[in-house]
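J.: Need coordinates for the below:
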Amino acid sequence: MKEMIRSNDPVRMAFARTLLQGEQIEVFELDVHMSALEGSIGILPRRLMVADRDAFRARAVLRDNGLLDEG
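T.: Here you go, the predicted model:
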């Protein structure tokens, strides 16, 4: 699995997940329930993962929509 996005912003994560699912790319979000450990203050980022075979297409979709962290 490849990490596509790491963010504390739940709206950004939901938008990215919706875009990828719209392209028939399966996504898996890691660290969703970490808020229980951090006290629900949102300091631990979530990670959006895709299968290795879908990583190239997923990067293209996210980049085209301004969501890919370049750097």
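J.: buried residues in the longest helix out of those in the chain?
T.: If you go by DSSP state H, the chain has its longest helix at helix 10-22. For helix 10-22, a neighbour-count test (16 or more other C-beta atoms under 10 Å) marks Met13, Ala16, Arg17, Leu19, Leu20 as buried. In short, each C-beta sits where N, CA and C put it, glycine included.
J.: how far is the helix or strand just after that helix from where the chain is centred?
T.: Sequence order places strand 27-30 as the next helix or strand after helix 10-22, per DSSP states H and E. Counting by C-alpha atoms, centre = their mean, to the nearest Å, strand 27-30 is centred 7 Å from the centre of its parent chain.
J.: Run me through the strand neighbours of strand 27-30, direction for each.
T.: Strand 27-30 sits in its sheet next to strand 46-50 (antiparallel), going by DSSP bridges.
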